[in-house]
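[1] What follows is a protein structure lacking sequence information:
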């Protein structure tokens, strides 16, 4: 689960900020905590979902960015703690992906304009993010832990 509300610092209420913390940040912590008993003796892979906003700041999304940076830090800490148990923990950082949440309140013209800033000149598709998550959950990524995997069409490459 994740929520995003665009809003500047002066326009974001403490209640709105904490709602994003509760969903985007606490939700990830609780998910890892809930998975731990089932993985403790068998190992496994935890894939946390962050955002490119967890890698670089973005205007009018201070609260969202803070929660997504937190996911990045929790992932690294969990990887160090859980690695000896054979549990891998990584984070995925999608950029502009064509979802209901990313389209909310935007016109098609604005969405197209945003796509022109992406080196691949298009939005990502949910299936492209899912393929990365599937790879991280699989044994094919067995030596990957504590890492950030960006899937953004090159948006933050520069």
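    Looks like it arrived, so ask away. Bear in mind the structure is a predicted one, so any value in this text is a computation, not a measurement.
[2] how far away is residue 64 from residue 145?
    26 Å (Cβ to Cβ, to the nearest Å). Yep, even glycine has a C-beta here, placed from its N, CA and C like the rest.
[3] Stretch 114-121: which residues count as buried?
    Within stretch 114-121, the residues scored as buried using 16 or more other Cβ atoms under 10 Å are 115, 118.
[4] Any idea how far that stretch is from the middle of the chain?
    With Cα atoms, centre = their mean, to the nearest Å as the basis, stretch 114-121 stands 20 Å off its chain's centre.
[5] Other residues contacting that stretch?
    95, 96, 106, 122, 123, 152, 153, 154, 155, 157 (Cβ atoms under 8 Å, 6 or more residues apart in numbering).
[6] Give me the secondary structure label for the residue of the chain positioned farthest from its centre.
    Farthest-out residue of the chain from its mean C-alpha position, per Cα atoms, centre = their mean: residue 41, at 27.0 Å. Of the three states, residue 41 takes coil under DSSP: H, G, I helix; E, B strand; the rest coil.
[7] Same check on the one 5 residues further on?
    For residue 46, the secondary structure call by three-state DSSP comes out as strand.
[8] Pretty sure residue 32 is one of the things it touches, is it not?
    Yes - counting by Cβ atoms under 8 Å, residue 46 does reach residue 32; the two are 5.7 Å apart.
[9] between those two, what contacts are shared?
    78, 89.
[10] Report the strands that pair with the longest strand along the chain, each with its relative direction.
    Longest strand of the chain, by residue count under DSSP state E: strand 87-94. Within its sheet, strand 87-94 is paired with strand 44-49 (parallel), strand 148-151 (parallel), according to DSSP bridges.
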